[in-house]
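*Asks:* with the input below, show me the fold.
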Amino acid sequence: MVVAGFNVAKSFSANEDDHHCCQLEVSEDAGSNIYIYTKPYLVTTSETASMPVAPKYTYTPLNHLKGGTIVNLYGAVKFFKPPYISKGTDYCSVVTIVDQSNVKLTCTLFNGNLDALPKIYKIGDIVRFHRIKTQGTAHTEHLSGLGLQLDITARGNKAKEKIREYNEQMQGITSIGFASLTFDGTVGAPIVPRTSSKLYTFTEEEQKTIEELRIWAASNLSVFGPTAKLSGVQPMLFFDLTCQLLGKAEIDGSSFLLKVWDGTKCSYPSWKVLVEESDLEGDKVLIHRLRNLTVDILVYDNHVQLAKSLKVGSFLRIYSLHSKQASAGNQADVSYVEFHLHGGTCYGRGIRVLPENNPDVKELKAFMDSVILTESQNVESTSSMEVDGTFDNLSYQSYSERCQQLSVTVLTDHQHLDDTALNTILKSTVPQQYRIRAKLRTFKPQNLYQSVKLYCSKCNSLQEVPDGDDFDLILRDSAVTAPNPEVHNALWYDSAVWDAANQGQRKIVVHFVKHDELLQEPEDTLIMVEGVTLKEIRKLSRRFKCIIPVKSTKEDLELLDLSAPFLLQGKIWHYGCKQCSKQKTIQSLSSLAIEEQPSWEPTEIAKVLGIEPLQYVFVMKFTLDDGTGALDAYLFDYEKFFQIPASEVLTSNLLQEKMEMIMSMLCPSGTKLDDLPWLECFIRSYNIRDGMEQQVCYQIFDTMVAEDVI
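*Replies:* Sure, this is the predicted structure:
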């Protein structure tokens, strides 16, 4: 067999299946070919057959996803974020799909080409994804009832995918050849794929799949989002608006004006943003003629660049648009409605250009053509034109300052508190709690993996996380002592012994803890091991639920020194505090083994063994600046702030990359203070004693990174 037109890529499963570190990837879109040499039965000369890579596609239900396979998927859109410009150079979109199995899959897509992302217009649309490479542990095969998260990235012309297990979820990025189609989810609508690709296959069988998904989604999804016409808009509402762009203008670097209409008249007076006529792009005559039917929308932050690229006359769907009630200066009895598309992408916030052949656009154009403009201009009611003079003296700056640059962090409690300036905090008594809005000027440590520590909640001590070399030394020292056969095969565990290959007298012993005098399935089993190396214990941890390293004494098994982990669960190593632990014998574990359904939770195991467990925490120092002053605040967090478990970061390159990406968004290197994003945080002040002196410190709490940053 000869393969041509392939791509060489890194194999993400090499460490798990002991295969080669590289793999060949072929796809129809890349023009790959496979040439097969065949031995014919009736002729003596050889034949060479060329087969284009055009297989018959099969589609996997979301509840049947398994690690280590390449699958094709169909699903209905349950949630999506329209494309927005990421912190890098690519466009990004997020979509959650679901199928008849009621399992959902959240996909985060990146591509430098906006047209290459799925063209999703509303909840209920149907998407098809081809060539997704799944990867996970053995446990992921049993996740049929859980939510699955798929992280798809496509950088430039190349796309790579790996799906990993995180928080009991399958995750991944696309492999070479990833492709998608999108279909209108309306029952009975024509089945026409939306795609920028000219090469794709689509069969009658797939048409039936789409029709079945449409019918299922219509009954099981909230297909119709919070859409509204301008005539039906109420103050303090978030809604989706389908409209036509009449004009646009740049206000400043972080906000942009869009003038739009949908053929109906807003029932409330709406604001008019004052701009120079020369700065306004669009047909001035048409804008003036439709002035009572148009509204001004200000878009902020990450939406500005996309807004600049919009063509006047295009049809738009603006998602999660905010109608906000405001008063006219000192005239509290005169109110009007402002329209804002805030920064960020929470709740699907964004803008999408709709094509002319979109059914909603066709309906909108037909309605607009029927509008009698002269009658709408003669309506005798309080209009935007009538209140224009009222707003002339209002400063646009007061509008934009309170709306632009939403914080890249969010508060999880105490939202009733008002912001306090840092210079006020620095002069205040201790202890206190404050809500602040500041920018992250710098942080330590710069090497983020160094921020993970082990913490004892009993004695409040912090220590570094031991590395694998230290653990390996402890295991090898322990393996020197021969196992004691007299402590094998107790009532609550069975023992197995074998000689280590080509390693002299070293023996490996595995003690399998029983339940109801029976051995459980490996994924539910706790084992105790003697005489193993670090490499061997890592292989065992892929198969068994929990592992406790032990050594033999004359009378019993006992734990190793607490410099080593007392328990291993997958890639997570659990340590105990040497100072606070009061170790009990291994025999104490038998009390858990006799439970009706032993869970083998680390906290329960630590408790019966008399161990005070150490917790993985992030410890970082943030230098915060709000323009009035600066202070150092410590972040002490388990998993809340980054929404990443500290216990998993050190063993996952993917999570380390995610953490680095988050910090690069909170504090971009080489960026001036004025251009840094805002962080909204709670901090508390407290005293510590340093020798004979007291020192004031500050700690961040009840704060987390915003969803759209993650």
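
*Asks:* quick check on residue 279: phi, psi?
*Replies:* The phi and psi values for residue 279, taken as degrees, to the nearest 10, are phi -90, psi -10.

*Asks:* cool, residue 236 as well?
*Replies:* With angles defined as degrees, to the nearest 10, residue 236 sits at phi 60, psi 50.

*Asks:* would you mind measuring from the closest residue to residue 667 other than its chain neighbours to residue 666?
*Replies:* Leaving out its chain neighbours, the residue that sits closest to residue 667 by C-beta to C-beta, 6 or more residues apart in numbering is residue 440, at 4.3 Å. The way it works is simple: take the backbone N, C-alpha and C, and place the C-beta from them, glycine included. To residue 666, residue 440 is 5 Å away according to C-beta to C-beta, to the nearest Å.

*Asks:* what of residue 199?
*Replies:* In terms of C-beta to C-beta, residue 199 sits 41 Å off from residue 666.

*Asks:* one step back: give me the common contacts of residue 440 and residue 666.
*Replies:* Here residue 440 and residue 666 share the contacting residues residue 679, scored by C-beta atoms under 8 Å, 6 or more residues apart in numbering.

*Asks:* of these two, which one has the most company?
*Replies:* When residue 440 and residue 666 are compared for neighbours, residue 440 comes out ahead with 23 against 19, by other C-beta atoms under 10 Å.

*Asks:* was I right about the more buried one contacting residue 626?
*Replies:* No: in this structure, residue 440 is not within contact of residue 626 by C-beta atoms under 8 Å, at 10.9 Å.

*Asks:* report the buried residues of the helix or strand where residue 77 lies.
*Replies:* Residue 77 belongs to strand 70-85 when assigned by DSSP states H and E. For strand 70-85, burial by neighbour count (16 or more other C-beta atoms under 10 Å) applies to 71, 73-85.

*Asks:* quick one, helices of the stretch 451-600 of the chain?
*Replies:* For the stretch 451-600 of the chain, the helices defined by DSSP state H, counting those that start in this stretch occupy 468-479, 534-541, 590-593.

*Asks:* dump those into a markdown table; add mean neighbour count as well.
*Replies:* Putting the helices of the stretch 451-600 of the chain into a markdown table (neighbours: other C-beta atoms under 10 Å) gives the following:
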| stretch | mean neighbour count |
| --- | --- |
| helix 468-479 | 16 |
| helix 534-541 | 15 |
| helix 590-593 | 16 |
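
*Asks:* which of those helices sits closest to residue 360?
*Replies:* Judged by C-beta to C-beta, the one of those that comes nearest to residue 360 is helix 534-541, at 53.1 Å.

*Asks:* residue 210 belongs to a strand, doesn't it?
*Replies:* No: going by DSSP: H, G, I helix; E, B strand; the rest coil, the assignment for residue 210 is helix, not a strand.

*Asks:* so how far is residue 649 from residue 448?
*Replies:* Distance, residue 448 to residue 649, using C-beta to C-beta: 8 Å.

*Asks:* what distance separates the start and the end of stretch 85-105?
*Replies:* One end of stretch 85-105 sits 22 Å from the other (C-alpha to C-alpha, to the nearest Å).

*Asks:* and stretch 680-699, by the same measure?
*Replies:* For stretch 680-699, the first and last residues are 14 Å from each other (C-alpha to C-alpha).

*Asks:* switch to numbering from 813
*Replies:* Will do, 813 is the new start, and the previous item becomes stretch 1492-1511.

*Asks:* how far away from the center of its chain is that stretch?
*Replies:* Put simply, stretch 1492-1511 sits 33 Å off its chain's centre (C-alpha atoms, centre = their mean, to the nearest Å).

*Asks:* any idea what sits nearest residue 834, other than its immediate chain neighbours?
*Replies:* Per C-beta to C-beta, 6+ apart, closest to residue 834 is residue 820, 5.5 Å.

*Asks:* go on, residue 1400?
*Replies:* That would be residue 1420: by C-beta to C-beta, 6+ apart, it lies 4.6 Å from residue 1400.

*Asks:* which pLDDT value goes with the one you found?
*Replies:* Looking at residue 1420, its pLDDT reads 91.

*Asks:* what is the end-to-end distance of stretch 1364-1371?
*Replies:* 9 Å.

*Asks:* how about stretch 1351-1362?
*Replies:* Length of stretch 1351-1362, first residue to last, C-alpha to C-alpha: 17 Å.

*Asks:* which residues are in contact with that stretch?
*Replies:* Contacts for stretch 1351-1362 (C-beta under 8 Å, 6+ apart): 828, 949-950, 1287, 1290, 1322-1323, 1334-1342, 1344, 1349, 1369-1372, 1376-1383, 1398, 1401, 1412, 1417.

*Asks:* got it, and stretch 1276-1289?
*Replies:* So stretch 1276-1289 is contacted by 1264-1266, 1344-1346, 1349, 1361, 1372-1373, 1375-1377, 1385, 1387, 1428, 1462 (C-beta under 8 Å, 6+ apart).

*Asks:* may I have the beta-bridge partners of the residue nearest to residue 834?
*Replies:* residue 836 (DSSP bridges).

*Asks:* what's around it, how many residues?
*Replies:* Applying the criterion other C-beta under 10 Å, we find 9 residues in the vicinity of residue 820.
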